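Chemist: 3D, please:
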Amino acid sequence: MSVRIPGVTHGPVARLRSLGGGWSQNLCLLFLVLFVLVSVFAPWLAPQDPTYGDLGSGLVGPSAEHWLGTDQGGHDTFSALVEGSRTSLVGPLTVVLFSTVTGIAVGLFTAWRGGWADTVIGRLIDVLFAFPALLVAILAVAVFGKGMTAPVIAMSLAYMPYTARLVRGLALQEQARPYIAAYRVQGHSGMFVAVRRLLPNIGPTVLAQSTVNFGYALLDLAALSFLGLGVQPPTPDWGAMINQSQAAVLQGQPLSSIVPAVAVVLVVVAFNVVGENVGDRLAGRNS
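Modeler: Okay, here's the model as predicted:
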């Protein structure tokens, strides 16, 4: 019979319930909610088709028809910005989900098994740390060609060690707590204790790290598209918009380049503020 250990957090809700934030975190949270909503409803929010270009309306300023003007190809900047938010959400989200799930599995396994498994996997993780995510993505493009699939998979593998090492360290700390020994005495399997009891206690901290990772993944994927190796035209993407608008900047119409660049910066900063704020508050409660 399972006995609930008093004073032990058995789910992430209790850990996150008291994580209030200041005005900066609340503002960033509101901005991120807006970002997600715009990404989800982009096809209905974009007033024009961002893939349709009117060369006769190239590089025009803001107007009632084109709220943020157009680029040199006559594409509506606002519509491209809205539609581009979808790739800016889906790509990094895939990277974070895959790297977090695999990182949690690897981290829990190495912490629970220990011994040679921990040593061997730890050395492999150290090797992966030597390769920046953007470099791994570029190598994937060189092998498999341009697009988003190969870079997203490669970056997921490159981001996995960060979560794995974090989970391993947290799991080792949790294993020293009395409630782990209590569950073992009750006869629960190691898998049950690790997944059903230990993981919910470290979940909020892992969530905070994943939030920060999302911002960095978005920045890396935008850089890849800026280099012309990621999302390919005519699919709208913030990094590609910055690249394609370089000529417009030289012609005195920088808005089509500044707007997506500002969007990338704001989203990355917002994710970092939220993630680091949650992480700092969790660290303060655990100290």
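Chemist: check contacts around the closest residue to residue 131 other than its chain neighbours.
Modeler: In this structure, residue 131 finds its nearest non-sequential neighbour in residue 158, 6.3 Å apart by C-beta to C-beta, 6 or more residues apart in numbering. Backbone N, C-alpha and C define where each C-beta goes, glycine included. Going by C-beta atoms under 8 Å, 6 or more residues apart in numbering, residue 158 touches 99, 128, 131, 132, 133, 136, 137.
Chemist: how about 10 Å then?
Modeler: 95, 99, 128-129, 131-137, 140, 151, 217, 220 (C-beta atoms under 10 Å, 6 or more residues apart in numbering).
Chemist: need the pLDDT of it.
Modeler: We have a pLDDT of 92 for residue 158.
Chemist: angles on the backbone of it, please.
Modeler: Backbone torsions for residue 158, taken as degrees, to the nearest 10, come to phi -70, psi -30.
Chemist: quick one on the thing from earlier: of the contacts of residue 158, buried ones?
Modeler: With neighbours counted by 16 or more other C-beta atoms under 10 Å, these contain buried members at 95, 99, 128, 133, 134, 136, 137, 140, 151, 217, 220.
Chemist: quick one: which of the residues you listed sit in helices?
Modeler: Mapping those onto helices (DSSP state H) picks out 95, 99, 128, 133, 134, 136, 137, 140, 151, 217, 220.
Chemist: how far away is the first one from residue 76?
Modeler: So the one you mean is residue 95. Distance from residue 95 to residue 76, counting by C-beta to C-beta, to the nearest Å: 29 Å.
Chemist: do the same with the fifth one
Modeler: Residue 134 is 30 Å from residue 76, where distance means C-beta to C-beta.
Chemist: mind listing what's buried along the helix or strand harbouring residue 37?
Modeler: Element membership of residue 37, judged by DSSP states H and E, is helix 23-40. For helix 23-40, a neighbour-count test (16+ other C-beta under 10 Å) marks 25, 28, 31, 32, 35, 38, 39 as buried.
Chemist: can you add pLDDT and distance to residue 145 and give those back as a markdown table?
Modeler: Converted to a markdown table, those look like this (pLDDT from 0 to 100; distance: C-beta to C-beta, whole Å):
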| residue | pLDDT | distance to residue 145 |
| --- | --- | --- |
| 25 | 83 | 41 |
| 28 | 90 | 36 |
| 31 | 93 | 35 |
| 32 | 93 | 32 |
| 35 | 95 | 29 |
| 38 | 94 | 30 |
| 39 | 93 | 26 |
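Chemist: show the contacting residues for residue 264.
Modeler: In this structure, residue 264 makes contact with 84, 88, 215, 218-219, 221-223, 226, 238-239, 241-242, judged by C-beta under 10 Å, 6+ apart.
Chemist: using the three-state scheme, assign it.
Modeler: At residue 264 the chain is in helix, as set by DSSP: H, G, I helix; E, B strand; the rest coil.
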